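Student: Give me the fold of what follows.
(one chain, ligands or ions: 1)
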Amino acid sequence: MASIAFKNVTKRFGDTTAVDNVSFEIADNEFFCFFGPPLSGKSTLLRLLLGLEVPDSGEIYIDGKAVTTLQASQRNIAMVFQNLALFPHMTALDNIRFPLVERKMSETHIRQKVEDVSAKLHIEHILHKLPAHLSGGERQRVAIARALVRDPVAYLMDDPISALDARLREETRVELKRIQRDAGKTLVYVTHDQEEAMSIADRMAILENGKIRQIGTPIDIYDRPVSKYVAGMLGSPAINFFQLDDTQASGIRLAGEGLIQLDAREVPANAVQVGLRPENLAIRPDGGAGDVATARISSVEPLGGFTVVTVAPQQSKSQTVYRALLRGQHQMEVGTEVTLGYQPDQLISFDQNGLAIG
Ligand SMILES: Nc1ncnc2c1ncn2[C@@H]1O[C@H](COP(=O)(O)OP(=O)(O)OP(=O)(O)O)[C@@H](O)[C@H]1O
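Tutor: Residues are numbered from 1 along each chain as shown. Modelled structure (predicted):
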């Protein structure tokens, strides 16, 4: 059991501020994700929490106790590394037993622990195998089991499943979520994959240049991003941004040469851009109808259950394109003129600094 807190933590390496005045709290038993682009400070945050780095300023707490200057060995946090780091010459069983044997625990205790953990992870049938004879997903579970038997206060995982193929990643993240829930432990997880972060986390933090830009549940951040940066980090295809043309006296128009007509009442007065998620951009095959301007289809990607349609404004001089995510299968021809639509309450407005309004 462990809650974790960072208070105004900063870590520099020479001229680089890897973690910049960061504060957050992770609740006991929470599955918490750090998500950000490369070099945004994710690994440094984990290393600070593990005790492998000491902050230049600020405090780190585990269960309310300051651990800022404690050695890694005094924190009892288990790290599951990206490369899994199983001993190749040991069976899965011996790999899992290893941390307990090292601590000179009694054989009865070790057996009990290994049995419990193996049952939780459904790996009893592969305990006799060497890592080389296990699939990627099985190796993953053995590595997690080895971390679990230690009974740490929390687990840290740094991009643990990025090496697996797409299908296995999907399976493993469902599994990880279940394991974390069953184990009843705090899990701090780093990923650069937005879909993974969204699907797995109870709450997540979005990082940029060592700063936390937003913390919340994935859905809350997706629906109510605090800035353009955060809005652009979540969602695939990415959110569409429309520049507002404020020279229009009546009824603000979206730039892109009148792609969609907006009623001025639909956006706050100081908005300079609006965002519209691809699933909220409607496409109708009746180009030029009514007062809504048109666009042309520039590509159609049939994904089976969904279709991604890319459109370019009709008379636009810019190269801007917009994406719509349509449910189901659609017969649409590239080059066709279409009408675009939206619901006013689906727009997210941003001011000139890229911060969300309203
Ligand atoms: N030991 C170090 N010495 C010097 N600079 C470092 C060190 N560790 C990290 N940095 C720098 O700190 C910044 C944050 O790095 P960090 O590895 O924490 O980012 P990250 O988000 O985990 O990146 P990635 O997704 O690529 O792993 C980077 O600019 C990196 O170059």
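Student: Show the model's pLDDT score for Val142.
Tutor: Looking at Val142, its pLDDT is 89.
Student: hang on, isn't it packed against Leu86?
Tutor: Yes - with contact defined as CB atoms under 8 Å, Val142 and Leu86 form a contacting pair (6.2 Å). Bear in mind the C-beta positions are built from the backbone N, C-alpha and C, glycine included.
Student: Return every residue with contacts to both of these two.
Tutor: Ala92, Asn95, Pro131 (CB atoms under 8 Å, 6 or more residues apart in numbering).
Student: Checking the second one next. Helix, strand or coil?
Tutor: In the three-state summary, Asn95 is assigned as helix, counting by DSSP: H, G, I helix; E, B strand; the rest coil.
Student: For it, give its distance to Gly358.
Tutor: 53 Å (CB to CB, to the nearest Å).
Student: Which one of the two is surrounded by more residues?
Tutor: Ranked by neighbour count (other CB atoms under 10 Å), Asn95 and Gly358 place Asn95 first, with 23 against 11.
Student: circling back: distance to Ser349 added to the shared contacts of Val142 and Leu86, as CSV?
Tutor: As requested, the shared contacts of Val142 and Leu86 are arranged in CSV below (distance: CB to CB, whole Å):
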residue, distance to Ser349
Ala92, 54
Asn95, 53
Pro131, 52
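Student: got the residues you listed as JSON lines, with distance to the ligand columns?
Tutor: Shown next, in JSON lines, are the shared contacts of Val142 and Leu86 (distance: CB to the nearest ligand atom, whole Å):
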{"residue": "Ala92", "distance to the ligand": "28"}
{"residue": "Asn95", "distance to the ligand": "26"}
{"residue": "Pro131", "distance to the ligand": "24"}
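Student: of these, closest to Ser162?
Tutor: Pro131 (18.3 Å; CB to CB).
Student: quick one: the closest one and Asn95 touch, right?
Tutor: Yes - Pro131 lies in contact with Asn95 (CB under 8 Å); the separation is 7.2 Å.
Student: joint contacts of the two?
Tutor: Contact with both Pro131 and Asn95 is made by residues Leu86, Phe87, Val142, according to CB under 8 Å, 6+ apart.
Student: Many thanks, have a good one.
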